[in-house]
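1. Sharing a model prediction with you, sequence too.
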Amino acid sequence: APVAFFEVGCRVGICAIWNENCYSLISVGLGQCWSFTAPLCIPLFPSTAKRTNRPIMPFAAEKTTATMSDTVKATNITAVKHNVTRSKRAEMLGVDSKFRGCTIWFTGLSGAGKTTLSFALEAELCSRGIPCYGLDGDNMRTGLNKNLGFSPDDRMENIRRVGEVSKLFADGGIVALASFISPFRSDRDRCRKLHEDSDLKFIECYVATPLDVCEARDPKGLYKKARSGAIKGFTGIDGVYEPPVDPDVLVGAKGQSVKENVKIVVDYLEQEGIIPASDPLPQELFVPQEALATKTAEAESLPKLDIDKLTMQWVQVLAEGWAAPLTGFMREKEFLQSLHFNCLRQPDGSLANQSVPIVCPADDKQKDAMFNAEAIALQYEGKPVAIMRKPEFFEARKEERCSRQFGIADAGHPYIAQIMAYGDWLVGGELEVLGPILWGDGLDKYRLTPAQLRAEFKKRGADAVYAFQLRNPVHNGHALLMQDTRRKLVEKGYRNPVLLLHPLGGWTKPDDVPLDVRMKQHECVLAENVLPPESTVVAIFPSPMMYAGPTEVQWHAKARKNCGARFYIVGRDPAGMSHPVKDENLYHADHGRDVLQMAPGLDGLEIIPFRVAAYNTKKSAMDFFDPAHKEDFIFISGSKMRKFARDGEDPPVGFMCPSGWKVVSGFYQSKK
């Protein structure tokens, strides 16, 4: 048991421990250990030593051979270099080609939650495709370190071995998660140096749960035994713990939850570039305010490419960051990647989902006039709206594009008709957009950018954001799905899930309900508290609708990921429509949902499939369909809903909130 402990200059601690047949004298600050067997009357502690509240039991001893755990005994050895480089390992193991091997060292008192945090972080990193492995103190002592006890020598050797093992894991491209009390700074510092000497990152994470909390938890009953004297030298009771002076990461000091602590560590790893960010803030393409006048003047002097409203909507999509990492209209190589792979490969080797081409059309005359220009201005309704740098003209390949994007090339499809009507060229290049894009239709207040939405989610204290995309009025079946999603997220442990109700606000086909009518109906849904206003954000997604089924639904999900959504609700036949020739749907009703759950480049976004909802005649309410009682249910399709509205009939009570139905019915009645 410890019999004396002193601090010299707030750094060096000395303690004497009787262990079997000898005393062990530990210099805590230096991390050294000596054994004594014969008494020798000399003062051990200088007069400057600061005494702790433990009583001193001065003794003298004859110093014997020092027992140093890092003593090198092996001879005639030569380290061998691997043939496989770290970058090659990264290509084979990780989510991209960047080497991410490192060690995160969790230190703290027994019961602080080191292993709980380490294993929770392990699950998070694995879900992102980051190779990692948790090394726990007890687990190590059942195998590699089972021949070690808890004497000073053995504790030092335990940490040394773990440091070496962690270094090997890190060198192999794996994130090693080491959870050890490791009470002495010198031991931890030696592990850090071991890594840094091999050019490996060592991250010290101090799980600073207070002693009283750890003792109250006492998951293994060790504190109780230590207080009773059954365990001697227990860290934090009668054994020293040296907390990190300047840890890389500090968690647990304020009573944070495991989930909150995981986020703190993940945020650090993302900021340091050790792991890729799951939801980086997308880059906006707007010209800074201080440069706006200069850039506008430059745009006036450049060759002008006139664009239509549809292309202008795509300018807005790009400018606000919905399509990040795109920084402008696609060049030919980006166009081909999107068309054939539904993804764009990034410089670090990672993939970003981009399932739909975002391109700017041009005709022969425009191409011939601007082919060699260093920059051109995009002009909408006679006003320059953006500068395109180093424009690249390439063939539009309309039939090939439509066949791959839509599965058909029939101009009876409304978006394909627009593609076919454009010129035979596309032009791509980086954009500098000359100010925010406003439409002056009374709805601009709803057109929040990804950055603005993230700020709103943060303002509301959201710890989870789930998105619901729609281009139709909200009925109570939709609301049931959104309510059920919130319930499930709360059951998962989220405290404040926030819904992003995100109607599509760009071009839609003529027979769809207009945007202004839909927004009025959505306001009614919140006003009647069908969806709680305090946990619902209503905003407009500026993208045009393409009706490209499983291909397009990936775009819808990726854009919501860019604005901070972590969960995305997907229903039957998303982005679908009727076949322009045959009497059937153009896409399989389940394929959009199925494809989205397999789509590459959407890491960090969890897909939540629809449960089928229908009108329950017994409950007079929308309910999840139960095949065992199918006679109790009726399905009210969009076409049936529109017929009710056109004929001035009310749908069954409980299908839609009354004020919302009044808006929808009024619109169709006005078209008579």
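-> Happy to help now that I have it.
2. what about the one helix or strand residue 317 maps to, average pLDDT?
-> Assigned by DSSP states H and E, residue 317 belongs to helix 309-320. For helix 309-320, mean pLDDT is 98.
3. for stretch 378-393, same thing?
-> 98.
4. CA atoms of that stretch as PDB?
-> Output of stretch 378-393 as PDB, limited to C-alpha atoms (Å, rounded to 0.1, in the frame of the first residue of the first chain):
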ATOM      1  CA  LEU A 378     -24.900  34.100 -67.600                       C
ATOM      2  CA  GLN A 379     -27.700  36.400 -68.200                       C
ATOM      3  CA  TYR A 380     -31.400  36.000 -67.100                       C
ATOM      4  CA  GLU A 381     -34.100  38.400 -68.300                       C
ATOM      5  CA  GLY A 382     -31.500  40.800 -69.500                       C
ATOM      6  CA  LYS A 383     -29.400  40.900 -66.300                       C
ATOM      7  CA  PRO A 384     -26.100  39.200 -65.600                       C
ATOM      8  CA  VAL A 385     -26.500  36.800 -62.700                       C
ATOM      9  CA  ALA A 386     -23.200  34.900 -62.700                       C
ATOM     10  CA  ILE A 387     -19.700  34.700 -64.200                       C
ATOM     11  CA  MET A 388     -18.600  31.300 -65.600                       C
ATOM     12  CA  ARG A 389     -14.800  30.900 -65.600                       C
ATOM     13  CA  LYS A 390     -13.000  28.900 -68.300                       C
ATOM     14  CA  PRO A 391     -16.200  27.700 -70.000                       C
ATOM     15  CA  GLU A 392     -16.000  24.200 -71.600                       C
ATOM     16  CA  PHE A 393     -18.400  23.400 -74.400                       C
END
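5. In three-state terms, label residue 511 for me.
-> At residue 511 the chain is in coil, as set by DSSP: H, G, I helix; E, B strand; the rest coil.
6. shouldn't residue 517 be in contact with residue 667?
-> Yes: counting by CB atoms under 8 Å, residue 667 is a contact partner of residue 517 at 4.6 Å. For the C-beta atoms, the positions are set from N, CA and C on the backbone; glycine is no exception.
7. Show me which of those two is the more surrounded one.
-> Taking other CB atoms under 10 Å, residue 517 and residue 667 do not tie; residue 667 has more neighbours (20 against 17).
8. show me what contacts that one?
-> 513, 514, 517, 645 (CB atoms under 8 Å, 6 or more residues apart in numbering).
9. and the longest strand for the chain?
-> For the chain, the strand with the greatest residue count under DSSP state E is strand 383-395.
10. Given it, what are its sheet partners and their directions?
-> With DSSP bridges as the test, strand 383-395 is paired with strand 375-380 (antiparallel), strand 425-433 (antiparallel).
11. Now mean neighbour count and distance to residue 564 too, for these, in TSV please.
-> What follows is the strands paired with strand 383-395, written out as TSV (neighbours: other CB atoms under 10 Å; distance: least, CB to CB, whole Å):
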stretch	mean neighbour count	distance to residue 564
strand 375-380	22	28
strand 425-433	22	21
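12. Determine which of these approaches residue 307 most closely.
-> strand 375-380 (5.3 Å; CB to CB).
13. Please list the outside residues in contact with that closest one.
-> By CB under 8 Å, 6+ apart, strand 375-380 touches 298-300, 302-309, 311-312, 315, 360, 370, 384-391, 427, 429, 431.
14. give me every residue that touches the residue nearest to residue 329 when sequence neighbours are not counted.
-> The shortest distance from residue 329 to any non-neighbouring residue, by CB to CB, 6 or more residues apart in numbering, is to residue 360 (4.2 Å). Residue 360 sits next to 305, 307, 311, 314, 329, 378, 388, 426, 427, 428 when contact means CB under 8 Å, 6+ apart.
15. one more time with 10 Å, if that's ok
-> 305, 307, 311, 314-315, 318, 328-330, 376, 378, 386, 388, 391, 393, 422, 425-429, 431 (CB atoms under 10 Å, 6 or more residues apart in numbering).
16. Below-threshold pLDDT in the chain: ranges please.
-> Scanning the chain for pLDDT under 70 picks out 1-79, 86, 90-97, 278-279.
17. for it, what's the longest helix?
-> The longest helix of the chain (DSSP state H) is helix 152-171.
18. Packing partners of the helix or strand following that one?
-> Remark: after helix 152-171, the chain's next helix or strand is strand 175-179, criterion DSSP H and E. Applying 3 or more CB pairs under 10 Å, 6 or more residues apart in numbering; DSSP states H and E, one finds that strand 175-179 contacts strand 102-107, helix 114-127, strand 132-136, helix 137-141, helix 152-171, strand 201-207.
19. in the stretch 451-600 of the chain, which spans are strands?
-> In the stretch 451-600 of the chain, the strands defined using DSSP state E, counting those that start in this stretch lie at 464-470, 497-503, 536-538, 567-570.
20. In terms of secondary structure, what does the second one contact?
-> Using 3+ CB pairs under 10 Å, 6+ apart as the contact criterion, the neighbours of strand 497-503 among helices and strands are helix 450-459, strand 464-470, helix 476-491, helix 515-527, strand 536-538, helix 549-562, strand 567-570.
21. Paired strands for it, with orientation please.
-> strand 464-470 (parallel), strand 536-538 (parallel).
22. ok and the first one relative to helix 450-459, angle-wise?
-> Direction vectors for strand 464-470 and helix 450-459, defined by axes from the mean of the first three to the mean of the last three CA atoms, to 10 degrees, enclose an angle of 130 degrees.
23. tilt between strand 464-470 and helix 476-491?
-> 170 degrees.
24. quick one on the thing from earlier: tabulate the strands paired with strand 497-503 in JSON lines, adding columns for mean neighbour count and distance to residue 123.
-> JSON lines is the format used below for those (neighbours: other CB under 10 Å; distance: least, CB to CB, whole Å):
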{"stretch": "strand 464-470", "mean neighbour count": "23", "distance to residue 123": "16"}
{"stretch": "strand 536-538", "mean neighbour count": "20", "distance to residue 123": "29"}
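25. Is it possible to get CSV of these that adds distance to residue 288?
-> Converted to CSV, the strands paired with strand 497-503 look like this (distance: least, CB to CB, whole Å):
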stretch, distance to residue 288
strand 464-470, 28
strand 536-538, 27
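26. and of those strands, who's closest to residue 225?
-> Closest to residue 225 of those is strand 464-470 (CB to CB; 40.8 Å).
27. Pull out the buried positions in the longest strand of the chain.
-> By 16 or more other CB atoms under 10 Å, the buried positions in strand 383-395 come out as 384, 385, 386, 387, 388, 391, 392, 393, 394.
28. ok, back up a step: kindly reformat the helices and strands packed on strand 497-503 as CSV containing distance to residue 270.
-> Listed next are those as CSV, based on distance: least, CB to CB, whole Å:
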stretch, distance to residue 270
helix 450-459, 15
strand 464-470, 17
helix 476-491, 22
helix 515-527, 34
strand 536-538, 24
helix 549-562, 15
strand 567-570, 19
